[in-house]
Structure formats: C-alpha cells, structure tokens
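Novice: Generate coordinates for the sequence data below:
(2 chains)
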2 protein chains.
Amino acid sequence: MDMEKHESAPLDAKRPRTERGRRTLRKLLDAAAIEFGEKGFHEASISTITARAGTALGSFYTYFDSKEAIFQALVRDMSEAVKLAAREALDAPAPALERERQALAAFLRFAAEHKEVYRIIDEAEFVDPDSYRQHYETTGARILERLREGARKGELRGDLEEAHAWAIMGMNVFLGLRYAVWDDGAMPPERVAALANDLLARGIARMAPQGD
Amino acid sequence: MDMEKHESAPLDAKRPRTERGRRTLRKLLDAAAIEFGEKGFHEASISTITARAGTALGSFYTYFDSKEAIFQALVRDMSEAVKLAAREALDAPAPALERERQALAAFLRFAAEHKEVYRIIDEAEFVDPDSYRQHYETTGARILERLREGARKGELRGDLEEAHAWAIMGMNVFLGLRYAVWDDGAMPPERVAALANDLLARGIARMAPQGD
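Specialist: All right, here's what the predicted structure looks like:
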C-alpha cells in the first residue's frame, strides 16, 4: 500500500518535527492500515504494527499513547486520503455531473487499491464512533458543496439539499463495496461510475419517446 | 422492541417445536437485539441476554451453542424483519416508482423504531461476515427484482441492472443512517422517501424548460 502522496499529518498524532519523523509516522500508519485491515481492531497489536513498520516500540509511543490512538489517527488519515483521491480527479474544471462521475471513478479506483479502507472506517463505528460520524458528515458536506456549485451554474436542479448529498454518498459507498472491494474487476470503475452518473442525470423512469 | 409479527424461526437456531418454545426463542432474540445493540458483540454476555429475556440459562443452550450462534441468528432474523417491513408496505399493487417510495418509507420507519438494526448488521461485517454479505446480497436482489418488474411493465428503463439496485440500496441505507438513526425526526420518513424517489424519477440535472 502506498499512500505516500498523502503527506498531511493526522489530527491526533503528536506532530513530527523532522522529515525523518514524518517518514516514521507514515510507516506506522501504513503498517496500522495493514494490521487493522487484516485482523480487525481487537486482534491487532501494537508490537505487530511496529514490526510491520520496521520501527522500535519506542517510536510508536513517540506518536501514539495506545492502540485506540493510532486507530483514530488512521481513520482520520484514511478519510483524508479518500478526500484527496476524489480531489485529484477534480483538478480540471468540468460540468457538475461530469465532476460527480470523476469523483466516483476515483473513489472506486482508490477502494480497489486500498480494500482495507472499508473495514477500517466501518470498524470505527464501534471503536471510534466520533471519527466514523465525522468521516461521513464531512464527505456528505463536500458532495453537497459540489451540488450547490452545480446548481449555481445552472447545471443542476436548484432544490438540491443535504439529503441528496447523502443519497449520492450512499450510492457511491455501496457501489464501492460491491464492485471495488468484493468483486475485483467484475465491472471496471469507469463503467460503474458511468452507470451511476446516468442514474443521477436522468433517473430510472422510462422516458416518454420524443413527441409523445 | 416488538418484532412479534415476525414469526419465522432464524435459520441457525434449533427450531422450537412448541408454541411456548417459539415464545422463548423470540424473547431471547429480542433480548439479544437490545444487548448487542447497546454493548456491541464483544461486551455483550449470554447471562445478561437471558436475564433480559427472563429465561433460564439452560433455555439459551436449548437454542444456541454460543454467543456467536445467537448473534448470527439475530442478524438473519433482523435481515428478515427488514424484508418484511418493506413487504408489508408493498401489499397493494402500485406503479414501480411508487413501490420504491413505499419500500424506503417503510424501511425508514422500521430503522427509526429499531435503531439497533444498523449497529447489529454493521457489526456482522466483523463478527459474521457471511451473514453481512448475505444480508446485502439478498436485499439488492429483491430491489433488482422490483426494478425488472417495473421495466417489464414499461414503467422503468429497460436497461436497469444489478448496479442500479445496489445504488438504490446504498442510497436507502445512508438516508436511514442520517435521518432515522442519527437524527430522530429531523426530516420525517415520508419526506426523505419522497425526495429520494424524486431523484430516482428524474435525476438531479436541471430540466430544460418546456419547449426549450
């Protein structure tokens, strides 16, 4: 797993002051992603995380007080990584619906590469409920912001509200679970994203034929 | 919590042969829903479940071998209860989109009354992954069946496939999390269901004005 491109330090970790410290913290978080992803929170251990990271146990405690603390930092780190994966896809200006398509395709590619992201964020519901809620609240708020921008530009309906953003988020999360995490390659990200985008564009009702 | 109307025995429990046995099994499952819903799987205990149910410890072992066994039976029982809640709303014949609206409204009312259903099904991802997957696969298959029926009747688009059903399921699950479980009464089930249904009917793109 490579999340090196995502350099921001997680909120709750003691912040490293040196480049070497940042690398160590990154190694610990990447090792924690594998450990929690494979074993789940209860079976995971700090000593296995440091062994996977190739760091001393003392380094762990430089940044984290407990297994709970690194789990919390990891959930927030992954939430940030999900955000950045979508944002990279949104760099170029594009019409509002096209942006939603790009954001979903980027998320599906990210989930396929980092399948552990589902298990870890889902387990936060039990281990760290505040981070769980915060992940979905901030993701939903980002989608709503995009919808409102599209409405301002006259591309989307003017009456879109928070519930529309949550509907889209739920759609994206479940399509990721089904086609990126469970079924590797059954349906390529681009096709899933195009299909979902078409649903957003025109709904599922049968269209009346032209001139009907 | 009252799931008395749902009488079918869970798949993995030893089946009770008497009416009294059925009542005891129902009491154990209802008590387990409260216990697992409040404490989560790891903190829950068999003795508290039997205390809540008002049954002897021996009765528990008549039906279940372990905490894992009653958890699995409970997940399948809840999955069935979710299905029945939607099905009751679908008794009368109605156009395909109207059926989706009714099914979502019924699910939202069910989730508001049984908030523990999210916690328990979500925890199955870790405690009993097969039941977790089965819950979503069967729910998605039911939605797809309704979509295909709507397409056959000419009310829905003819090109709907499994991914559309998963998109709708994700939408419904996240709207339930946000408006039925987290925010009691912020937005009534009927309004959430109408808004989601409108998204399904026509999408979120701005409509060209008549004659445009």
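Novice: what is the mean pLDDT for stretch A:199-209?
Specialist: Within the predicted structure, the mean pLDDT of stretch A:199-209 is 85.
Novice: same deal with stretch A:127-146?
Specialist: Averaged over stretch A:127-146, pLDDT sits at 96.
Novice: same thing with stretch A:99-118?
Specialist: When pLDDT is averaged along stretch A:99-118, the result is 95.
Novice: Give the buried residues for it.
Specialist: For stretch A:99-118, a neighbour-count test (16 or more other Cβ atoms under 10 Å in any protein chain shown) marks A:99-112, A:114-118 as buried. The C-beta positions use only the backbone N, C-alpha and C, and glycine is treated the same way.
Novice: just how off-centre is it within its chain?
Specialist: Computed by Cα atoms, centre = their mean, to the nearest Å, the chain-centroid distance of stretch A:99-118 equals 7 Å.
Novice: Any chance you could give me it in PDB, C-alpha atoms only?
Specialist: Included here for stretch A:99-118 are C-alpha records, laid out as PDB according to Å, rounded to 0.1, in the frame of the first residue of the first chain:
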ATOM      1  CA  ARG A  99     -17.400  16.000 -11.700                       C
ATOM      2  CA  GLU A 100     -19.600  13.600  -9.800                       C
ATOM      3  CA  ARG A 101     -18.700  10.900 -12.300                       C
ATOM      4  CA  GLN A 102     -15.000  11.600 -12.000                       C
ATOM      5  CA  ALA A 103     -15.200  11.700  -8.200                       C
ATOM      6  CA  LEU A 104     -16.900   8.300  -8.100                       C
ATOM      7  CA  ALA A 105     -14.500   6.700 -10.600                       C
ATOM      8  CA  ALA A 106     -11.500   8.000  -8.500                       C
ATOM      9  CA  PHE A 107     -13.100   6.700  -5.300                       C
ATOM     10  CA  LEU A 108     -13.700   3.300  -6.900                       C
ATOM     11  CA  ARG A 109     -10.100   3.100  -8.000                       C
ATOM     12  CA  PHE A 110      -8.900   4.100  -4.600                       C
ATOM     13  CA  ALA A 111     -11.100   1.500  -2.900                       C
ATOM     14  CA  ALA A 112      -9.900  -1.200  -5.200                       C
ATOM     15  CA  GLU A 113      -6.300  -0.400  -4.400                       C
ATOM     16  CA  HIS A 114      -6.900   0.100  -0.700                       C
ATOM     17  CA  LYS A 115      -9.600  -2.500   0.100                       C
ATOM     18  CA  GLU A 116      -8.800  -2.200   3.800                       C
ATOM     19  CA  VAL A 117     -10.300   1.300   3.900                       C
ATOM     20  CA  TYR A 118     -13.900  -0.100   4.200                       C
END
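Novice: any idea what sits nearest A:Tyr118, other than its immediate chain neighbours?
Specialist: Counting by Cβ to Cβ, 6 or more residues apart in numbering or on different chains, the nearest residue to A:Tyr118 once its immediate chain neighbours are dropped is A:Val181, at 5.2 Å.
Novice: In this model A:Lys115 seems to touch the one you found, though I could be wrong.
Specialist: Yes. Using Cβ atoms under 8 Å, A:Val181 is in contact with A:Lys115, at 5.0 Å.
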